[in-house]
Each structure stands twice: as C-alpha cells, then as structure tokens.
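Trainee: Okay, sequence plus prediction incoming.
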Amino acid sequence: MPEDDLLPVESRQPAYERVKAFIKSHVSSGEWRSGDPVPSETVLALQFGLARMTVNRALRELAQEGVVERTRGSGTRVAALHRVSSKLMFRDIHDEILGRGHAHSTEVLALAELQASDEIAKSLGLARGAKVFHSTMVHLENGVPIQFEDRHVNPKAAPAYLGEDFARVSPTHHLLQHAPLTEASFSIEAHAPSPAEAKALAIKRSEPCLLMRRRTVSGPHVASVVRLVYPGSRYSFSGQFQL
C-alpha cells in the first residue's frame, strides 16, 4: 500500500512525525481504544518504509505524551485514560488534550459577574468590593472529567469574557487572545475535593486531588486567578530540567 494512502500529511513532515500522526489519528477517531495494541516497530517500519530507529522515536515520544503505554515483553498499547501526564508549562487544557489525540469538551457550571471577596480583590489588584467575572467549569477528556476550573477574571483585562462561548473556546485561549500573557506564577499542592468539586469530577470525596493555583498578568493588569483541581488517579504533572 502506498505510504500516501496511509496518512494524508505533507511530504516534508519528518518521518517520525508521520508515524505519530498516523497513530494519533486512529486514537482520536476511536478506532483504537484504551488498551488496544499498537502495531509493532517492525510492522510500522515495513508499513512506512522507515528504519526501526525512526519508528522507535515516534513511539517513545507518544509514550511521553501519554498517548501510548510501552511495556517490555508486551509491546505498545493505547494508553488508558486513568492517568495522563502534563509537562509543567503554560498550556491550554484544550491543546493539551488534543495533543494526546483525544477529544476535549467542557461543561460550564457558572458564568457571572459578582462582587469580589477581599482575598480575590487583593489577588487581582482591585479595590475592595470591585466587580469581577467568575466562571466554574469542568474539562473532560474523551468524556472523562480531568479538571475542575474555578476562575476569577479582571474585567479591565478581559472585558468580553462573559460573552464568550466556553463550550467552544477555553478560558485560557480567550485570555491569551484578549489579555496577552506577560507574567505567570503557580503553585501545586495536595487537595481534598469539596463536595461541589467531587460531584463535578465524578469522584468520591475521599479521592486525593492535585490543586494548582495560577495567577496571570497582562501588561498593567492582573488578568486572572484560577484554581484547577485534578483527580490524582487520572492526572499527573511532570517536568524536565536541563543545565
């Protein structure tokens, strides 16, 4: 079978990227599901007319991205959604999920203007009792809740926030478009979910979670402060450091 029939991509695309795209397309379409075997290095090398070393790189990168799982003696399988990884970098959850070849969806729970508490007003650099935008939503990967988002937004930085369709555009994408990021800070800690968080994430209150608190600045304004809650059994953070 001609290689062009296997995957409709630009011929200038690196060979290992073509293999990655081929596998991701089968995962994202639902043809290959969690636990399904992925063709071996030998089969893929013959199918694409590539060296096994090139195919090995593609599979290694897919494993690092959480798309597949590789087990010595058992081959490569589509990764289960019970535990996916994210590098410690500023990324839109929508792009992160799509990067794993999975489908992202959002359930908006609340979207309103309200009077900021003293703590939120201080965090956003606003006067006590100032009006702020508030949203809560759940982000799902292939229909499974993986992130509860509780966000407060400075209207001076993103005045159109309440008018956005967050079932179509993520809050992070909206803010990056309307309040370009100039500075960000975050912290991560263990967290026991509140009743509302546990319900939204479809987990028991006894399940340990990870809580990320993030503050973003756009020019002269603090744009947003957000609490992101992740079920510990479905999500992990990882990072790479090099001197």
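Mentor: That came through, no problem. Numbering: from 1, shown residues only.
Trainee: Who are the contact partners of Arg214?
Mentor: 184-186, 224-226, 228 (Cβ atoms under 8 Å, 6 or more residues apart in numbering). Using the backbone N, CA and C atoms, a C-beta is placed for each residue, glycine as well.
Trainee: How about Ala184?
Mentor: 90, 214-217.
Trainee: min pLDDT across those residues, which one?
Mentor: Note: of these, the lowest pLDDT belongs to Phe90, at 64.
Trainee: hang on, the earlier thing: now, of the contacts of Ala184, which are buried?
Mentor: Among those, the ones that count as buried by 16 or more other Cβ atoms under 10 Å are 214-217.
Trainee: Just the contacts of Ala184: which are in strands?
Mentor: Within the contacts of Ala184, residues falling in strands by DSSP state E are 214-217.
Trainee: I'd assumed Leu181 was in a helix, is it?
Mentor: No - counting by DSSP: H, G, I helix; E, B strand; the rest coil, Leu181 is not found in a helix; it is coil.
Trainee: okay but it is in contact with Gly219, surely?
Mentor: No - in this structure, Leu181 is not within contact of Gly219 by Cβ atoms under 8 Å, at 9.8 Å.
Trainee: of these two, who's got more company?
Mentor: Between Leu181 and Gly219, counted using other Cβ atoms under 10 Å, Leu181 has the larger neighbour count: 15 against 11.
Trainee: how far away is the residue lying closest to the more buried one once chain neighbours are set aside from Pro180?
Mentor: Nearest in space to Leu181, with sequence neighbours left out and distances taken as Cβ to Cβ, 6 or more residues apart in numbering, is Thr216 at 5.7 Å. Thr216 sits 10 Å away from Pro180, going by Cβ to Cβ, to the nearest Å.
Trainee: can you list the domains in this structure?
Mentor: 3-78, 84-238 (automatic domain parsing).
Trainee: From the chain's centroid, how far away is the last one?
Mentor: On the basis of Cα atoms, centre = their mean, to the nearest Å, the separation between the geometric centre of domain 84-238 and that of its chain is 11 Å.
Trainee: for the first one, same thing?
Mentor: With Cα atoms, centre = their mean as the basis, domain 3-78 stands 21 Å off its chain's centre.
Trainee: elements contacting the one helix or strand Glu119 maps to?
Mentor: Using DSSP states H and E, Glu119 sits in helix 118-124. Where contact means 3 or more Cβ pairs under 8 Å, 6 or more residues apart in numbering; DSSP states H and E, helix 118-124 is packed against strand 131-141, strand 144-153, strand 221-231.
Trainee: Dump these to CSV, plus mean pLDDT.
Mentor: CSV is the format used below for the helices and strands packed on helix 118-124 (pLDDT from 0 to 100):
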stretch, mean pLDDT
strand 131-141, 97
strand 144-153, 97
strand 221-231, 96
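Trainee: I'm done for today, thanks for sticking with me.
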